[in-house]
Every structure is written in structure tokens, then in C-alpha cells.
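S.K.: mind looking at a prediction? Sequence and model below.
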Amino acid sequence: MKAPSLGEFEELVLLIVASQHDSAYGVSILEGLEKQLNKKVNISAIHVALKRMEEKGFVKSRFGGITSDRGGRRKKFYVITAFGKQALDLQYDVRTELYKQIPKISFN
Amino acid sequence: MALPPKRALQFLRWFCREDYLEEVEGDLIEVFEKQHEQSPSKARKKFFWGVARHFRPEFMKALKIGQNSNSVIMTRHNLLLTYRNYRRNKVIFLINVLGLSTGLACSMLIYLWVMDELKMDKFHADDDRIFQVLEIFDEPIGLRVNETTSGQMALSLVEEMPEVEYATTVLTPVENITLSIPDKNLKANGQYVSKDYFNIFSYPVIEGHKDNIWSKSRSMMVSEDLALKLFGTTKDIIGESVAFNQEESYHISGVYEIPSSQSSFQFDFALSFEEFAPDQEWALSWGSTPAHAFVKLRSDADVHAFNEKIADYVQVKREKEKRFRTPFLAKYSDRYLYGKYENGVQSGGRISYVRLFSVIAIFILLIACINFMNLSTARATRKMKEVGIKKANGASRWSLIYQYLSESTIMTMLSLLVAVAIVWILLPQYNEITGKHLTLSLDLNLLTSVLIIVLLTGLLSGSYPALYLSGFNPLTMLKGKLVRATGETWARKGLVIFQFVMSIILITAVVVVYQQIEFVQNKRLGFEKENIIVFNREGITEKEDQLETFLLELKKLPGVVNASSTSHKLSGHSWGVYGFNWEGKDLDDNTHFELVAVYHDMLEILEMQMVEGRAFSRSFSTETSKAIFNQTAIQHMGLKDPIGKNITFWGKEYEIVGVARDFNFESLHAEVKPSMILLKPEYTDQFMVKIKPGKEQETINGIADFYAQYNPGFSLDYRFLDAEYQSQYVAEQRVASLSQYFAGLAILISCLGLFGLATFTAERRFKEIGIRKVLGAGTFRIIYLLTSDFTKMVLVAILIALPISYFVLHLWLTGFAFRVDLQWWSFAGTGLLAICIAWFTVSLQTSRAAQVNPVDCLKNE
């Protein structure tokens, strides 16, 4: 079977999920992303990415407990799976490998 | 605490999947709350936007199939109920589906036929600009429309009238020509056409180039069929030469294709009219009318104005003072369906059959749909308890309506599938009967109309239980105390009566049509048409000095009774002439007389009877200047004591020697034409041979052998005279056989309905029957009880149907010059038949119900 692909935006979301290990949920990912990218992101884009990656098996999710925040709605926390980590590693290796092959170019 | 916009939240909850909703909602609210602290209006805007951005397939409810939503479960449940219901009542199910699908299949078959008829000849490009030049002849007996015109007509119209883009002359005297290539002989029919023929009629020219077909002399165009028959291929045959009647030869300049199923006009080859005409005075004279003329008008031309313009065209050309021939244009593609003229006015034609069948199709469809509705509504009253329980359990009215409507539409859809299968299976046989090449193609019109009809039937028949039953109080329903509305029974009775009215009309129509056709086929025509074979005078027999020898030899053959030659094939109009004088003739009288040129013995072969005078005889020497007329002709000329009087015809004097009893060579739609018989062997172009009955095939084989030897290079191609004559009635015969089938089906479907209703009534009155039997009622009493209702309905139907059918059939018969009288017994017979069939159908059910053991009906309560 062909390994499921990992889009650019999905990769970013996955990185954030991995870095906020076990405490990543919609809004925290949103904020993390906005801070890193320094631009506004819509929450729906994150939901779409999360649902897709969950389907592909890169992340898994669980509900948190009920609090008085958020109008009483539970948070849904996301954790990266081993498969997800593998996909990230692969992506990272490919990039560094390619990066290393760049000859030293002077831009003067 | 700030609350997010309510509307947006409602919308989100409406569309979002339940398993995603909490997360999405929570995240959106959290973002909203954080934003709200900075700018409330911006937060609201952003919330709306966020909800809108989630409105995509992944987050939507309904698109997730397999989800156990309520409506899915209910639909599945309803289907199961329908299935169980019908499994318990297999008979009703079969009647329902079979009745409706036969009805649908019938109407689809008729629809295909009607569409094909309407499409006939319409395939030519610019169909609306192609016209035929017809002429109205002003004769003392009335105006007559002539299909042919002068050979000059087309050529001068295109030269002198700017409105005409193309015109062509078509002459069709080249029938039964023996075509030969070195190792093959076959007979074919062709026509002479002038050069623009293929520019007007878009028969595709598949070999050769349209613009230089006639560039060389002695060219011929052949149809694809003929090319295949002659050469086995259509490729590389241009330039091949083909011998005509073993004499002159033509070379092939192109191949055209005739879409056989869409063209009413079929011809195997075409020759150049321009090449043929100059040698033939008659072909180009304005005085004779041997040719067909077709024109293609320019797109801006107005036909009515053009017709006015050419009204005196012939009069001017012939330099006459009085207008006798009035040419006018009629649309070419109309001539197939609207080919009949009466007194110069268009009066229908095949279109009447198209209309007839459309009516039949609607009748059958109505009968079938009514059946379906009747049975469904009748059955629905048994669902009372079911509806009651459902309502008591909290079913809403809408869900009940939905259930019943979907049930009935599913049934009609199922019938539609069965109907399509039936049509598919029957199509080959149907094509044989109708003589067409119909196919079941994906016709959008057919598809939509059938779907609409089916849906409508489904909705109508489902609407009764859906709308009526679902409105009742569940309590009364469960107690079974519901009083049935009388309107409902009346409606059902009315529908049954309506069904039978239509079936009875169809049956009487079939009976009378059949009688008329029998009548026509057995009517004495004034000549005997049995056991006579006809074949062409061709090859060596065309030589004048060979005629007598050939006939003498022919008569010697075993089985041959007599033989002679004639110019008239006696199956339809052949050669009309005018311009002769008799004593006391009105000079303006230009009535056409049918000219029958014969050789000796012809009148004897046909057993024509002489009312006065004598037939031609070999014992007189000057017979070629004698003439015989039929009674109608003598009457028309107003001659008393005609024998011995002289007439002049084409500048020659003839003496009348005999008056023949009227004979009818045209189909019996037409009155007898005035006719003149002359002894002119040079005009005769076919032989008629009377043979002994009983050994026809042997005799014909003998003639064929003799013919092949006597007339080398030709083979005997014979027709039977009676079959030739019958071929004028092909349309009627097809209509007759088709309408028999359809009428049979109509009554069958009606009976299915009746049977279903009888079953239903017997079942409902099960207990009543039991009690009556216990109290001493006999079997017949019970049968009477159950049958009388139906009998009354059928009687009412008969009373309504018979006057209608009498009226309609009377109208149909006026189209025939010779017709059967409408007999009272054919109507009474049909009525009786209808009652008998109804009784038989009902008794199948009632007799069983009447014999039931009362204990069985009464033991459970």
C-alpha cells in the first residue's frame, strides 16, 4: 500500500500536535500556528487537517473532561501516533538530505 | 459572559455531523470568547465566517451514508411492510404489476410506432423547404388532386421563379428492369431524375461526387442495396457498366443510401431525365402529366404567396382561355401522412391511423392506471388497523403519507421495469406486424412522459390511503367502526364503468374494421382476380410480331388456361387520358378517363361482363378502331344507345362496340372511374396468364422454364393479381391486425381489474357469506349476490359505449366508397361478449367464495 501523503499544512499541524504533546486541541493548535507563521488562520482549516490526518492514522484523539469554559463543551485532544511520527521523520530526512545537496552558492 | 450569535450556532448544529459537533462548536466558541474581549463585533463576524467555513462535505450529516438516521430506518421498514403485504396477497400483486405493465408496454409500443410514422420522410435537410408540385384538376365531377404534373414543370419553375432554389423532375416508368453484369441478372425498380435531385433530397451519396454524377452520358446512380446485390460491395464500382434488359448499358457514377426505415420512397437506381426526355415528346409536353416535380424554395420564400403566383402557370403555358389545371405546392414530408384529398381539399390520410392508435394507446393506459388505482384503494381499506396502530404509537400524518405514497410509486416503477422488458421482448414480432424497424432507444421524450405517467399513477393511487386514511381518529379505526363514505364506492364503480366503456368501444371497433376488410377483400370487383399471374413484357416479347407467337406458345403449356397482354395492372390508377370527343360533349369537360389497352382474350381472362354489345373478337378485322367503355363512362358521356356511336380520340375515330359492367381497379376507398378499353397491343406492357387452380406451383414452374428459354437473359418475375390488388390495403390490414391485439389486451387488463375487485369484495364479505349460508342461502344465491353488482356496472358501460362506438365507426366508414352496413348484431354481440367475459372473470372468484364452509368464516372473531 502506498503511504498516505502528508500535505504542507497538514505537516505543520502535525508538528504542532507533536510538540504540544497530549495537550493539543483545536484552539491551542490554532494559536501555536498563528504564532509560528505570524499570520491569521481559520479554525476550520485546522479541523479539516486534523480530521484528514486522523483518517490517515497520523493522529488519534480523545475527549477531555467537562469544564465551565467554552460554554461547557469538552475539548478534543490530539496525540501523534507512531505512524505519524514516522511520516514526520521521513519528511524531515528527505528535506535535510535535499538541503545538504545544495552546493555553496554565493549570492553577491 | 458573551454569547455567540444564535443563528450561526443553529445553522452549525443543523448541518454538522454529531460526532464532530461538540469539538467544532467548542473550538469556535473558545475562539469567539477570546476575540470578544478585544472587539465584540469582529468576534461575531469571525464566528459567522468560521461556521460558514465548516460548511463542507466532510462535516455534513446527510452525506454520511449508512448512518442509522430515522428516515432511513423508516423507509427500510416501509419497504419490508410492502414486501410482506404483497407476499401475503400474491394474486393482487400479480394483477397489479401485470395489469399496469402490460398497459404501459402497449402504450410504449404504440408510441414507438406513432413516432416512427411522424418521422417518416423528415430526415431530408431543410425538410420545411422541400415541396411537391401537385395539380388540382377542375373536372365536372369535382376537383381532383393529381400527384403528377408535366415534365417541364420543375425545369421552368426553377428558371422563371426566383423563389425556387432547386427543382427536379422525377419520372418513374422504369419498373422491373432486368439489370445484368457479366455473371448476374436481377430485377430492379428505378426512376429518371433531373440533375438537382440529390441537392433537394439528402439521400447520402456514399460513392462518387454529388456535383458530377451526371457529367458523363449514360450514367446511373445505384442504391447501396442494389450495389451490394450486384457487386457485393460499394467500393470501386464507379465506372462499371450494367446492361438494361440485355440491350443498352449504363455505367455507374455513384452510390447513394436510402435510410429504408425513414423514407417512404424507395428506388434502386436513378437515371438522367435530361438524357431521356428529348427523345420523348410526352415527357416534356405541357399537355401531359407524367412526372413528379419537387422543388426546394429559398428560405425567405412564402409558400402561400408562391401558390397564388403559380395558380395560372399551366394555363399560361398552354395558352388556354379557361383554367383547368391549378398547380400548387404541398410539403413533401406531409405526403406520407396527409396524402388524401377530397374535392381538392386535404382530407387526412395515414394520419387518421396515427390518431386512431394514439387514442387506443391513451385508452389502454387509462384502463391500466385505473386498474391499479382501483385495486390499491380497495386494498387500502384493509390497512385501517395498521394505520390505527401506527397512529396510536405516535406516527405522524406525514410519515404515513410518505409511507403509502412511496409504496405505490415503488410498485409503479416496478411495473415500468417489467413493461420495458416486455417491449424489448416483443419488439421483433411487433416489427414484423407493423413492417417497421423500430428499436427501443433512449428517447428523452418517451422517458420523461413515461416517468411522468408512472409517477402520476403511483401518486394518484397512493394518495387515497395516504391522504384519506391517515386523517382519521385512531380510536375509531381500531374499533373498526369507520363508516365508509359512499363517494368512495361510487368513484370506484365509476372507474370500472369507464374502463369497460373503453374496452367495449375498442372491441366493437375491431369487429367492424374486420368486417369492412373482409367485405373489401371479397367484394366482386367487376373482374375476376383469382389464379391470374402478372409479369412484365420485356426482351424479345416486346417486339410486336412476337406477341402473338409468344402467347400461342404460352397457352400450349400445361395448366395455362388463357394468356394475354394489357397496359393496366388493375391494382390502382395507371393511365388517365383526356381530350377525346363524343356526340354532345361539353367542350370544357376535361374529365380523365382511365385508359385500358388490351390484346385479344384479355376481357375473357378477367371475366368482365358486357352489359351491352360485345367484347373484342378475332373474327372481326378492324378491331383496333373499336372501343369499349364501362357503365360509368357511358353515363358520364350521357350517351343513349351507345353501341355503334363514334368517338374521336387523339385524332382518330373509334366505334363503340360494347359497354362493360363497372369494374373497380382502385382500392374501394374510391368510386368507380370512367374507363375506356381499346385493343392496342402496342401499348400493352404486361402479361396476364390465367392458370388452373390446384396446381399453381407446377404450372408456374413450367412457365418459368419456358420463359427462360424463349426470352434468354430474362427470368420470370411474376405476381399474383389478387395479391397485387390486396397490397392496396396493406395499411388497413396492419391496422386491423394491430387493433385486434390491442383490443384483446384492453379487455384483458379490464378483466384483471375486475378479477381483483371481485377477489377483494368476496374477501370483505366473507363473514356475510358465512352467516347467509348458515341461514340457508344456496350457492347460486350467493353467486348472484356477488355478481349482480358487477353485472350492473357492465350493463351501464354497455349502454354508454354502444352509441359512442356506433357514432365513431359510422364516421370511419364514410371514408370508404364501398362499405359494410353497421349491423345491430355486431353491437349486441359485443355487449353480450363483454357481459360474458365479466361474468366469467367474476365467477372464478365468487364460485369459490360461495362454496366456502361457513364454519371457516365464522370460527374466529
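M.R.: That came in fine, so what should we check first?

S.K.: please make it C-alpha for all contacts and neighbour counts, starting now.
M.R.: Fine.

S.K.: tell me which element B:M676 is part of?
M.R.: In this assignment (DSSP states H and E), B:M676 forms part of strand B:675-679.

S.K.: tell me which residues in stretch B:603-622 are buried?
M.R.: For stretch B:603-622, the neighbour count (16 or more other C-alpha atoms under 10 Å in any protein chain shown) marks B:603-606, B:608-610, B:612, B:615-616 as buried.

S.K.: next up, the contacts around the residue in the stretch 101-250 of chain B positioned nearest to chain A.
M.R.: Of all residues in the stretch 101-250 of chain B, B:S101 sits closest to chain A, at 48.2 Å by C-alpha to the nearest C-alpha. The neighbours of B:S101, taking C-alpha atoms under 8 Å, 6 or more residues apart in numbering or on different chains as the test, are B:415-419.

S.K.: tell me which stretches of chain A form helices.
M.R.: Ranges of helices within chain A are A:8-19, A:26-37, A:43-56, A:82-100, based on DSSP state H.

S.K.: the inter-axis angle of the longest one versus helix A:8-19?
M.R.: Helix A:82-100 runs at 120 degrees relative to helix A:8-19, counting by axes from the mean of the first three to the mean of the last three C-alpha atoms, to 10 degrees.

S.K.: now stretch B:224-239: buried residues?
M.R.: Buried-residue list, stretch B:224-239, by 16+ other C-alpha under 10 Å: B:224-227, B:230, B:234, B:237-238.

S.K.: shaky segments in the stretch 501-650 of chain B?
M.R.: B:521, B:523-524 (pLDDT under 70).

S.K.: same check on the stretch 201-350 of chain B?
M.R.: In the stretch 201-350 of chain B (pLDDT under 70), no residue qualifies.

S.K.: near chain B, which residues of chain A are found?
M.R.: Within chain A, the residues that sit near chain B (C-alpha under 8 Å from any C-alpha of the partner chain) are A:26-27, A:42-44, A:47-48, A:69-76.

S.K.: out of the residues you listed, grab the one that's most surrounded.
M.R.: A:K75 (26 neighbours; other C-alpha atoms under 10 Å in any protein chain shown).

S.K.: now that one: phi and psi?
M.R.: As for A:K75, its main-chain torsions (degrees, to the nearest 10) stand at phi -80, psi 150.

S.K.: and what of B:A311?
M.R.: Dihedral angles (degrees, to the nearest 10) for B:A311: phi -60, psi -40.

S.K.: what about B:L813, how many residues nearby?
M.R.: By other C-alpha under 10 Å, 18 other residues sit near B:L813.

S.K.: who touches the nearest residue to it once chain neighbours are set aside in this structure?
M.R.: Excluding its sequence neighbours, the residue lying closest to B:L813 (C-alpha to C-alpha, 6 or more residues apart in numbering or on different chains) is B:R819, at 6.4 Å. By C-alpha under 8 Å, 6+ apart, B:R819 lies in contact with B:516, B:519-520, B:813.

S.K.: select only the buried ones of those residues in PyMOL?
M.R.: Entered in PyMOL, the line below selects the buried ones among the contacts of B:R819, by 16+ other C-alpha under 10 Å:
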select buried, chain B and resi 516+520+813
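
S.K.: could the contacts of B:R819 go into TSV alongside distance to B:Y341?
M.R.: TSV is the format used below for the contacts of B:R819 (distance: C-alpha to C-alpha, whole Å):
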residue	distance to B:Y341
B:Q516	22
B:F519	24
B:V520	21
B:L813	17
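
S.K.: quick one, strands of the stretch 51-200 of chain B?
M.R.: Using DSSP state E, counting those that start in this stretch, the strands of the stretch 51-200 of chain B run over residues B:130-139, B:142-146, B:164-181, B:184-193.
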